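Trainee: I'll drop the sequence and a predicted model, then ask my questions.
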Amino acid sequence: MPSYFCRKAFLFVCMEERELLPHLFRTEYQKIVSVLCYLFGIEHITEAEDIVSDTFLAATESWSARGIPDNPTAWLYTVAKNKTKNWLKRNTFFQQKLLVDLQHNIPRGEEIEVDLSEQNITDSQLAMIFTVCHPSIPAESQIALALNLLCGFGAQEIADAYLTNKEVIYKRISRAKDKLKEADIKIQQPTLAQINDRLDAVLKTLYLLFSEGYYSTSTNTVLRKDLCLEAMRLNYLLVDHPHTNKPAVNALLALMCFHASRFDARLNDIGGVVLYDDQDETLWNRELIERGEYFLNEAAATPDVTKYHLEAAIAYWHTHKADSGGKWENILDLYNHLLILEYSPIVALNRTFALAKVKGKQQAISEAEKLPLADNYFYHSLLGNLYTDIDDHKALQHYKTALQLANSAADKTLMAKNIDQLNQRRSN
Amino acid sequence: MNEFLLVFRRDFKTKEIQPSPEELQAHLSRWRDWFRSLESAGKLARPTQPWEGNGRVLKHDKSVTDGPYAEIKESIGGFIIVKAADYEEAVEIAKGAPILELGGTVEVRMAVK
């Protein structure tokens, strides 16, 4: 075979194999949108999004016909810059108004340069996080907006995670965007005072974003994992910035690392939940656990204890499967602290599980039954578990109620299995 | 063998129905796969050629607008020229066009000899 043929075949294989990075469009979308919003001001978010959408459309048209360029990201940045320049030239509104009050003072007569350097991307995203988490925007919308603007998710993807339809999410996002414009919220580097004021809201949004992925009833495991990773990425952005690298920020990241370490172990092939006791420990991600430990250490820089510290510490103990060295005593203690800091019936319910491990099922039952959670699936599934061996009849009743309340197919299967087991024991 | 023009159109304008970046990326790879399969089957009469999305529209009074989004909903995403025996085969080829997934259409026209 002539050697040139081999070479050609080889080149062909290389070209065939050059694939796009997974999520390249999603990742670059949110970066460029942040940079443009930071440059234009948040009131021009629609224009920013139009320019970026146009850029991706151009990429789709050009790359499908010509193949993928050597450096796709650089290609996207060049096209986005040019499209922005053209838009600025054409747009009379911009010339009359925006140019006058552009937030970053650009020397007169100089052309506006879209700065897509790593530093400016990070700054823009940080500013965007604090804008999205503005108190005037309802929490529910903050998350949808964060997913859209900070994570580059489309309405359909967000709808899939929330198990709702696209229109609902689309409306929620556009209302939140209108609110940003109306309220004249500035997108800017948060001042130290603003960081102190708004960091709680930011952390809460990131926490909910993570939980949305972690506890969602959607069976789309890839998407759920993406949500968790995005929450972690944004959280890391805060840890990485000297002004926002606070103990609570580290604590939340530690919490996410510990939870995420079990991501593969806690879901089965069909997206159902595998209970903690049944998880295959070898599937736990050791690297994430170690990172979590590092961030938890960082979180202890000051004596302040937030709910993220306590939840991270509880999650930390759960990374040791073996019941040794006062594991459950520690967890119970942490839950007690957590309840003092911020009472919630669900946290109280989780606490009773630790209580059962430390003080026995009887005491846990009497505390659990005081909780106002009669219409909650977890309440009945936990009581079913606690009553097993103590009063199987009551256990059966709770499992049956839980079966009716269960939302996901996996939960229903689990409850049906428990009911079967109890019935078999009773008939033996 | 005849040559057929395949024109791809879709609504690029209505915001709510535009694909997300992630969907667009997946869409892109399906276009590439499709073009490649046409190429390797020897069905492409001309190499593929991307066109700018915007361009100009000239109206009857000779006024020029940046187009083509202004007045019509659907616009041309691109076109290719394929080789096929007849309309039946050309339409069969057109059925593989990824534009259909995004609610678009393919117009098929045979070249007059």
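Mentor: Arrived safely, thanks for sending.

Trainee: and B:Tyr79, that's in a helix?
Mentor: No, residue B:79 isn't Tyr; it's Phe. No: B:Phe79: not assigned to a helix; according to DSSP: H, G, I helix; E, B strand; the rest coil it is strand.

Trainee: Can you tell me the closest non-neighbouring residue to residue 48?
Mentor: By default, I'm working from chain A. What sits nearest to A:Ala48 in space, not counting adjacent residues and going by CB to CB, 6 or more residues apart in numbering or on different chains, is A:Leu36, at 3.7 Å. No exception for glycine: its C-beta is placed from N, CA and C like everyone else's.

Trainee: wait, I meant chain B there
Mentor: Closest residue in space to B:Thr48, ignoring its immediate chain neighbours: A:Ala65 at 3.8 Å, by CB to CB, 6+ apart.

Trainee: how many neighbours does residue 85 have?
Mentor: Because you didn't say which chain, this covers chain A. Neighbour count of A:Lys85, defined by other CB atoms under 10 Å in any protein chain shown: 14.

Trainee: Chain B, not that one
Mentor: The burial count for B:Ala85: 10, using other CB under 10 Å.

Trainee: and it, what is it in contact with?
Mentor: B:1-2 (CB atoms under 8 Å, 6 or more residues apart in numbering or on different chains).

Trainee: how far away is it from B:Pro47?
Mentor: 22 Å (CB to CB, to the nearest Å).

Trainee: Same question for B:Val57.
Mentor: Distance of B:Val57 to B:Pro47, given as CB to CB: 27 Å.

Trainee: Show me which of those two is the more surrounded one.
Mentor: B:Val57 (16 against 11).

Trainee: Which elements pack onto whatever helix or strand that one lives in?
Mentor: B:Val57 is part of strand B:56-58, with elements assigned from DSSP states H and E. Here strand B:56-58 touches strand B:64-66, going by 3 or more CB pairs under 8 Å, 6 or more residues apart in numbering or on different chains; DSSP states H and E.

Trainee: which residues of chain B score low on pLDDT?
Mentor: B:67-72 (pLDDT under 70).

Trainee: interface residues of it facing chain A?
Mentor: B:12, B:16, B:18-25, B:27-29, B:31-32, B:35, B:48-53, B:66, B:77-78 (CB under 8 Å from any CB of the partner chain).

Trainee: picking up where we left off before, the strand holding B:Val57 pairs with which strands?
Mentor: strand B:64-66 (antiparallel) (DSSP bridges).

Trainee: So which residues on chain A come close to chain B?
Mentor: So far as CB under 8 Å from any CB goes, chain A lies against chain B at A:19-20, A:23-26, A:28-29, A:53-54, A:56-67, A:90, A:152-157, A:166-167, A:170.

Trainee: Looking at these, which are in strands?
Mentor: The members of the residues of chain A next to chain B all map outside strands under DSSP state E.

Trainee: Run the chain-centre distance for the strand holding B:Val57.
Mentor: 19 Å (CA atoms, centre = their mean, to the nearest Å).

Trainee: same deal with stretch A:128-142?
Mentor: Here stretch A:128-142 is found 15 Å from its chain centre; the criterion is CA atoms, centre = their mean.

Trainee: now stretch B:105-113
Mentor: Centre to centre, stretch against its chain (CA atoms, centre = their mean), the figure for stretch B:105-113 is 12 Å.

Trainee: Flag every buried residue along it.
Mentor: Residues of stretch B:105-113 classed as buried by neighbour count (16 or more other CB atoms under 10 Å in any protein chain shown): B:Val106.

Trainee: Give the residue farthest from the middle of chain B.
Mentor: Distance from the centre of chain B peaks at B:Asp61, with 28.0 Å (CA atoms, centre = their mean).

Trainee: Can you tell me which of the residues of chain A next to chain B are buried?
Mentor: The neighbour count (16+ other CB under 10 Å) marks A:20, A:23-26, A:28-29, A:53-54, A:56-65, A:152-157, A:166, A:170 as buried among those.

Trainee: now, which of these lie within helices?
Mentor: Of those, the ones assigned to helices by DSSP state H are A:24-26, A:28-29, A:53-54, A:56-65, A:155-157, A:166, A:170.

Trainee: which residues in chain B form helices?
Mentor: B:21-40, B:87-94.

Trainee: Could you say which one of those helices comes nearest to A:Asp278?
Mentor: helix B:21-40 (32.8 Å; CB to CB).

Trainee: gap between that closest one and the chain center?
Mentor: 13 Å.

Trainee: and that helix, what does it pack onto?
Mentor: Here helix B:21-40 touches helix A:24-40, helix A:45-66, strand B:74-84, going by 3+ CB pairs under 8 Å, 6+ apart.

Trainee: rerun at 6 Å
Mentor: helix A:24-40, helix A:45-66 (3 or more CB pairs under 6 Å, 6 or more residues apart in numbering or on different chains; DSSP states H and E).

Trainee: Now that helix - C-alpha only, PDB.
Mentor: Once non-C-alpha atoms are left out, helix B:21-40 reads as follows in PDB (Å, rounded to 0.1, in the frame of the first residue of the first chain):
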ATOM      1  CA  PRO B  21     -27.000  25.700  23.600                       C
ATOM      2  CA  GLU B  22     -26.700  22.100  24.600                       C
ATOM      3  CA  GLU B  23     -29.400  21.100  22.100                       C
ATOM      4  CA  LEU B  24     -27.800  23.100  19.400                       C
ATOM      5  CA  GLN B  25     -24.500  21.400  20.000                       C
ATOM      6  CA  ALA B  26     -26.100  18.000  19.700                       C
ATOM      7  CA  HIS B  27     -27.900  19.300  16.600                       C
ATOM      8  CA  LEU B  28     -24.600  20.400  15.100                       C
ATOM      9  CA  SER B  29     -23.200  16.900  15.400                       C
ATOM     10  CA  ARG B  30     -26.200  15.400  13.600                       C
ATOM     11  CA  TRP B  31     -25.700  17.800  10.700                       C
ATOM     12  CA  ARG B  32     -22.100  16.800  10.500                       C
ATOM     13  CA  ASP B  33     -23.000  13.100  10.600                       C
ATOM     14  CA  TRP B  34     -25.600  13.600   7.900                       C
ATOM     15  CA  PHE B  35     -23.300  15.600   5.600                       C
ATOM     16  CA  ARG B  36     -20.600  13.000   6.100                       C
ATOM     17  CA  SER B  37     -22.900  10.100   5.200                       C
ATOM     18  CA  LEU B  38     -24.100  11.900   2.100                       C
ATOM     19  CA  GLU B  39     -20.500  12.600   1.100                       C
ATOM     20  CA  SER B  40     -19.400   9.000   1.600                       C
END
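
Trainee: closest one to A:Ala416 among the helices and strands packed on helix B:21-40?
Mentor: With CB to CB as the criterion, A:Ala416 lies closest to helix A:24-40 of the helices and strands packed on helix B:21-40, at 38.2 Å.

Trainee: Just want the residue of chain B that's nearest chain A.
Mentor: Closest contact between chain B and chain A, by CB to the nearest CB, is at B:Ser20 (2.1 Å).
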